[in-house]
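In: dropping the sequence and predicted coords here.
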Amino acid sequence: MLTSTFLFVNLLSASNLSHGLSNQGYTGIINTPNAQVMNEGDLTIHFDNQFDNVLRGYDYDKSYNYQEDYIFGAGLFPYFEIQGRLAEIPGYARDLSANLKFQLPYKNIYLPNVAFGFQDLGSAANHYGNKYIVMDKELWFVRASLGYGKSDGGTPNKSRMDGVFGGLEVKTFDWLYLLAEDDSREQFAGIRLEMPKSWSSSFKLSAMITSNVTNDYDTSMSVNLTFPLYENTKSYSDKSIYSYVQNDIKVQAIDSALQNNPTSVQEEKPKKAVKKDLTLQEIKNRLVALGMENITIATKDSNVYLAYENGVFLFNDLDALGVAIGLLTQTQYKTFTLEQKRSKMVAITIAGDLDKAREFYKEPNVTNKDLFSNSLTKISPLNLSDYTIVAENENDSSFKPKIEFKPKVTTFIGNEFGVFNYMLWLRTQLQVNLAKGIDFTAVGDIHIKNSEIDDHRYDYFTKLYEKPSHMESVMLHISNNLFGGVNTLSFGTLEENFSGLMEQYIYNYGNHTIKLKGGYFEQFKDGDAYKESFFGKVEKRKIYLAKYSYLLEDYDTLAEINLGQYWNQDQGFDVKIKRYFGDVAVYLQYEQNQPYDTTGGLSEATDRYAGLGIEIPLTLKHTPLYRYGQIRGTNAFDYRVKSTIAREDGSNKVVPGGNYNPEVAISSENYFYNRNRLQLSYVKTHAFRLKNSYEEYVK
């Protein structure tokens, strides 16, 4: 009886079957979905050349009898995936679409997985529109799927998944899967070849060869590349949190064994190493050697105060915090106060228990991590009048030029005039700190190249985005601490030919952040005559925007809403959900506005946009700072693909404009608030990274 039960449970258990994107974009078999979703934090790029009979007949006599699909997908959250798809179908359509899929968050050995999804979200011109629910079950080396869909896309009598559909995936080897499916209109069979896991742990490469059984075994192929955006959820370093959890489990196991049988575990007494505490001067010297600026150290009784400015750990301010706390653990003080600054202005002040920090840095297990994290508090900036000053404003940042390079790119994907077109510039930014809270910046764009569009009937449209090399802005910024937040007034030139001022105020309380932004600019020289004739000449521009964001620290996710009047004088709002995977961020964005009419008012029409974007650091994790300045890349290159949606005419035509919000060189969220992550809860959640940064850069 026990043997049969054991065999039954083993049959119900999965044998680690893998999954990948189907030719339609969602995780699935060939064209139909299964109930799996992309792994959280994975990014997938897919190409296939399946000639899709759902959209048209197989007329091979035509010269354009081929199709290409380009798919980009991300596992944005647990149990949730999103994909963008570009289908190039000469003679029929060029379609840009999006898919969403949700898996029910439960796992049971006896019950199937269940997922539901939406294919080709957007306007009325959705060629692949579908809503479906699907379940699957893995039995040893086989995964069977069964689902029901309701199609609102395709041609009559050819709509895929309009009714019951299903499929099978059979794992014969780790690198070979046999596939078969019925999508309710056609039947397909194929094989999926996967690169052995032993070849690489950093990415997965697979290929699929399929045949349309219904249509004379017409064959197609696809290639799929998947790689993780980060290493693990909590530490994002070469040391996995798994090792810390295991260390904690081992300690608990030893304690339990000693209680049951004190002689069963022989505890080895480690040899005590001779430890020499660091002096505060030595700590200052090490921070200066790493490139930290404006260092102030002071003491009062058993508390040590350390203030610094981080301009070298560009990926994340957590690295600077981790290094600073780690160095303080090598002293005999009992508590600490850290102040992180920008332009000598306080961005955040954190106090904590150094005894708990020492235990955590010495034994970084989960228990010590929680004790250390719970000791951290956010406090108001300290008054040092009764402190003993050890070092003050060491390695001054004043008059050290910092030059940043980053690409600036405008792309057009899957629209009327081409599959992929681009305009590329190199953006160069100079920043010089003149005094406390006072910075000078100059930003210029060096034009590199424009691609050639496929259909020159649309040359008039691309001219709206063309710009030669030019000076984008020259500004003076004055920042100060105000009501617990940071206020920045910037005045000078912006957008090449406007002069005026911009005011930013940002305030953080707990996981909540509020930002107010207002500006007034007047045109001081004529702009591009062609663009002004198209958009209308707006000599005076007013901006007033309010932004609210909330950090869900357990998921490293920012939810943001921004509303008001934008640069092009259109009024509306945009909503963004941004998920951080380490220091790479993937986000979804929705925008809606009433465009500014050339007659001087707001149009009665409403434009809507949806987009998927990614932010990637393009610089060194630790960028050296030299005596006479610094050359660096950007900590967040932002690239987004967006499309108009829900247009009244049912199309997805490109509409120029949108909620354009020009950022001055010193932007509050990025410059002062660590890309809007400088919350105490974020620091506590990522305590393991603090320890790992100290190990990597100091110890």
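Out: Thanks, I have it.

In: and the helices in the stretch 351-500 of the chain?
Out: Taking DSSP state H, counting those that start in this stretch as the criterion, the stretch 351-500 of the chain contains helices spanning 354-362, 366-375, 459-462.

In: so can I have CSV of the ones you listed showing mean neighbour count, distance to Tyr70 and mean pLDDT?
Out: To be clear about C-beta, it is placed using only N, CA and C from the backbone, and glycine gets the same treatment. Output for those, formatted as CSV (neighbours: other Cβ atoms under 10 Å; distance: least, Cβ to Cβ, whole Å; pLDDT from 0 to 100):
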stretch, mean neighbour count, distance to Tyr70, mean pLDDT
helix 354-362, 20, 46, 96
helix 366-375, 18, 42, 96
helix 459-462, 14, 21, 86
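
In: can you list these in a markdown table and add distance to Gly633?
Out: Output for these, formatted as a markdown table (distance: least, Cβ to Cβ, whole Å):
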| stretch | distance to Gly633 |
| --- | --- |
| helix 354-362 | 30 |
| helix 366-375 | 31 |
| helix 459-462 | 28 |
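
In: out of those, nearest to Leu139?
Out: helix 366-375 (35.9 Å; Cβ to Cβ).

In: out of the helices of the stretch 351-500 of the chain, which gets nearest to Asn53?
Out: Of the helices of the stretch 351-500 of the chain, nearest to Asn53 by Cβ to Cβ is helix 459-462, at 33.2 Å.

In: kindly export that closest one (C-alpha atoms) in CSV.
Out: Presented in CSV, the C-alpha positions along helix 459-462 are these (Å, rounded to 0.1, in the frame of the first residue of the first chain):
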residue,chain,number,x,y,z
ASP,A,459,9.4,61.9,-44.2
TYR,A,460,7.3,64.8,-43.0
PHE,A,461,6.6,63.0,-39.7
THR,A,462,10.2,62.0,-38.9
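
In: state the helix or strand in which the residue positioned nearest the centre of the chain lies.
Out: Centroid check for the chain by Cα atoms, centre = their mean gives Ala585 as the closest residue, at 1.0 Å. Element membership for Ala585, per DSSP states H and E: strand 584-594.

In: of all the helices of the stretch 351-500 of the chain, which lies closest to Leu76?
Out: Of all those, helix 366-375 comes closest under Cβ to Cβ, at 26.0 Å.

In: on that earlier part again, the nearest residue to the residue nearest to the centre of the chain once chain neighbours are set aside - how many residues pack around it?
Out: Residue nearest to Ala585 in three dimensions, not counting chain neighbours: Glu615, with 4.1 Å by Cβ to Cβ, 6 or more residues apart in numbering. Counted with other Cβ atoms under 10 Å, residues neighbouring Glu615 total 19.

In: mind giving me the packing neighbours of the host helix or strand of Glu615?
Out: Assessed by DSSP H and E, Glu615 sits inside strand 607-618. When contacts are defined as 3 or more Cβ pairs under 8 Å, 6 or more residues apart in numbering; DSSP states H and E, strand 607-618 packs onto strand 584-594, strand 630-644.

In: tell me which residues are up against the strand holding Ala585.
Out: Outside strand 584-594, the residues that touch it by Cβ atoms under 8 Å, 6 or more residues apart in numbering are 43, 74, 76, 82, 229-230, 566, 570-579, 602-617, 636, 640, 642, 658-659, 675.

In: can you do 6 Å?
Out: Here strand 584-594 makes contact (Cβ atoms under 6 Å, 6 or more residues apart in numbering) with 74, 76, 229, 570-572, 574-579, 602-603, 606-616, 658-659.
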